[in-house]
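Participant: Return a 3D structure for these sequence lines:
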Amino acid sequence: MEDIEDIVAIGEPPGLRLPLPPAVKTKPRVRQSKDFSSIDPSPNVPGTQTIYLKTFGCSHNQSDSEYMAGQLSSFGYALTDDPEGADLWLINTCTVKSPSQSAMSTLISKCKSAKKAIVVAGCVPQGSRDLEELEGVSVIGVQQIDRVVEVVEETLKGHEVRLLTRRTLPSLDLPKVRKNRFIEILPINVGCLGACTYCKTKHARGHLGSYSVGSLVDRVKAVLSEGVKEIWLSSEDTGAYGRDIGVNLPTLLNAIVAELPADRSTMLRIGMTNPPFILEHLKEIAEILRHPCVYSFLHVPVQSGSDSVLTRMNREYTVGDFRTVVATLSALVPGMQIATDVICGFPGEADEDFAQTLDLIKEYKFPQVHISQFYPRPGTPAARMKKVPSTVVKARSRELTSMFESFSPYQDLQGRVERIWITEVASDGVHLVGHTKGYVQVLVIAPANKLGTSAEARIVSVGRWSVFGEILESGSGAGPSRVALIGRAVLSLLSIAAVLLAVFLKMGQRR
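Facilitator: Numbering: from 1, shown residues only. Modelled structure (predicted):
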């Protein structure tokens, strides 16, 4: 099947394209009794149907989904959380790990069984175009999200559409329906400069492509006028930003920070960055992280504490480089919080390699460690390497998890008064979720009108997984508010329940 190609004028600014040619070629579905494609073309007017949108993966994927939802909603389509009541399912996929792709496959099967129209978007179809699960369904790639209305229209007519080729970045000023109206997820670049041997995302997102500083600053101005209270910078590697267009991350960050309100009503969160691309900018990054409107938090994946494993991963840095990043930022930024990632059981990982990883994590006692077991991704060099036995991989994952769970990273917060920025309702439906300057999550009992605001809060309960606080009355450094006094009666019980639930879930995962 031929891809639908964009018609792009040479020299156009990123995000712009010429109008679609009058005739868009699509391939009608082959109507087979065993396939969901026996659906008759919808007689309804385009834009009157209901769409169920499911998103897998990272914050960049979430932003893509919000952009697609915005365009569909602007065209008249209704968005629903009820898959059974939808006319079409739009599944935005992630290719980072096998489990997320398996979940996607299960959802596609359910959709076909329910005889629903389906469009699969995101990294899986972009990076694995010939995947069996994608046969007979419409697909749209990661840089074609501004064409989602066309693809949905044609799919609802009974056509199978494949749209994967693009030479420009989608515009940042597309309509958007945010999952959280207070949080703007802002993609600053797509793709990366790395070539990690285990990574499938590079196959989908491609080489580095950065948005201009001007276009990003314009987007920041726009979302501030819409009442956004947190801006999350998102990409496959934030630190690599701008290297393809002659600028760098500190230049962008300084330009964005200059637009943030002086009253600290809106905060900036810097996204994940790999060590190689911030080493030369550590002092400038530290200065930005100290800014009152920037969370003192950074996600810096290490993946392994062994240089030999990092070499096989082709990570392009050493453990010493990672230590330099952590030590420098921790020394220069008060209250700095660093999260990291570890892959257990990468091919060739010997016992001594894993021991070095354990030592590294134990030394720094990171408050957040995302622990993954190695999953070979088809088409990557690591998939052809000799694997560590699965029993060994699982045992190492359990050992690292057990050590990480023994840390008490938030004990120093007990009794302190911290300013928190409140943007979400907790999953229990009782608490609101706020974050400290160091991006530590604090659960508070407060009225809904506190959403989108900041407040002083006293930390009253600290557990392994949860930090609870009480809002202080405006202008008071002591004494809880009336709402906090009412909530205190149930606070300890909720804290205990949260800890027990976390333990129960962890036990279930180990089984």
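Participant: Now W421: which helix or strand?
Facilitator: strand 417-425 (DSSP states H and E).
Participant: right, and R178 touches E66 too?
Facilitator: Yes - assessed by Cβ atoms under 8 Å, R178 is found in contact with E66 at 5.4 Å. For glycine as for every other residue, the C-beta is placed from the backbone atoms N, C-alpha and C.
Participant: These two: which is more packed in?
Facilitator: E66 (22 against 18; other Cβ atoms under 10 Å).
Participant: and that one, what is it in contact with?
Facilitator: Listed by Cβ atoms under 8 Å, 6 or more residues apart in numbering, the contact set of E66 reads 176-179, 185.
Participant: Run through the helices of the stretch 351-500 of the chain in chain order.
Facilitator: For the stretch 351-500 of the chain, the helices defined by DSSP state H, counting those that start in this stretch cover 351-364, 390-405, 482-510.
Participant: which of those helices has the lowest average pLDDT?
Facilitator: Note on the helices of the stretch 351-500 of the chain: helix 482-510 shows the lowest mean pLDDT, a mean of 52.
Participant: Can you tell me the centre-most residue of this structure?
Facilitator: S59 (2.1 Å; Cα atoms, centre = their mean).
Participant: what separates that one from E154, distance-wise?
Facilitator: 29 Å (Cβ to Cβ, to the nearest Å).
Participant: ok, back up a step: shared neighbours of R178 and E66, anything?
Facilitator: The contact sets of R178 and E66 overlap at I185 (Cβ under 8 Å, 6+ apart).
Participant: list the buried ones in the host helix or strand of S65?
Facilitator: Here S65 sits within helix 59-75, counting by DSSP H and E. Residues of helix 59-75 classed as buried: 59-73, 75 (neighbour count, 16 or more other Cβ atoms under 10 Å).
Participant: again, but for stretch 306-313
Facilitator: By neighbour count, with 16+ other Cβ under 10 Å as the criterion, the buried positions of stretch 306-313 are 306, 309-310, 312-313.
Participant: Can you get me a residue count around E84?
Facilitator: Using other Cβ under 10 Å, E84 has 8 other residues around it.
Participant: er, A258 I mean
Facilitator: By other Cβ under 10 Å, the residues close to A258 number 9.
Participant: Show the model's pLDDT score for it.
Facilitator: At A258, the predicted lDDT confidence score is 97.
Participant: which residues touch it?
Facilitator: Going by Cβ under 8 Å, 6+ apart, the list of residues near A258 is empty.
Participant: you'd agree Q71 is up against Q144?
Facilitator: No - judged on Cβ under 8 Å, Q71 makes no contact with Q144 at a distance of 11.6 Å.
Participant: which other helices and strands contact the strand holding W421?
Facilitator: Secondary-structure packing of strand 417-425 (3 or more Cβ pairs under 8 Å, 6 or more residues apart in numbering; DSSP states H and E): strand 432-435, strand 441-444, strand 453-462.
Participant: Mean neighbour count for these - can I get that in CSV?
Facilitator: As requested, those are exported to CSV (neighbours: other Cβ atoms under 10 Å):
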stretch, mean neighbour count
strand 432-435, 22
strand 441-444, 22
strand 453-462, 20
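Participant: A331 is nearest to which of the ones you listed?
Facilitator: For these, proximity to A331 was assessed by Cβ to Cβ; strand 432-435 is nearest, at 22.7 Å.
Participant: What average pLDDT does the closest one get?
Facilitator: Predicted confidence along strand 432-435 averages 96 (mean pLDDT).
Participant: now swap in stretch 160-168 and tell me
Facilitator: 77.
Participant: Can you give the domain ranges for this structure?
Facilitator: As recorded under automatic domain parsing, the domains making up the chain are 27-163, 187-295, 303-407, 413-510.
Participant: can you redo these as JSON lines with distance to P170?
Facilitator: JSON lines is the format used below for these (distance: least, Cβ to Cβ, whole Å):
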{"stretch": "domain 27-163", "distance to P170": "5"}
{"stretch": "domain 187-295", "distance to P170": "9"}
{"stretch": "domain 303-407", "distance to P170": "25"}
{"stretch": "domain 413-510", "distance to P170": "25"}
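Participant: burial of the closest residue to K387 other than its chain neighbours, as a residue count?
Facilitator: Leaving out its chain neighbours, the residue that sits closest to K387 by Cβ to Cβ, 6 or more residues apart in numbering is P347, at 5.6 Å. If you count neighbours by other Cβ under 10 Å, P347 ends up with 19.
Participant: cool, V152 as well?
Facilitator: Using other Cβ under 10 Å, V152 has 27 neighbouring residues.
Participant: what about it, helix or strand, and which?
Facilitator: helix 148-156.
Participant: Run the chain-centre distance for that helix.
Facilitator: In terms of Cα atoms, centre = their mean, to the nearest Å, the centre of helix 148-156 is set 26 Å apart from its chain centre.
Participant: got it, and stretch 363-372?
Facilitator: The answer for stretch 363-372 is 18 Å, by Cα atoms, centre = their mean.
Participant: List the buried residues in that stretch.
Facilitator: So for stretch 363-372, counting by 16+ other Cβ under 10 Å, buried means 364, 366-367, 369, 371-372.
Participant: between those residues, which is closest to I118?
Facilitator: The closest of these to I118 turns out to be S372 (Cβ to Cβ; 28.7 Å).
Participant: Hmm, G345 and the closest one touching each other?
Facilitator: No - contact status for S372 versus G345: not in contact, 9.3 Å apart, counting by Cβ under 8 Å.
Participant: who touches both of the two?
Facilitator: Common contacts of S372 and G345 (Cβ under 8 Å, 6+ apart): S397.
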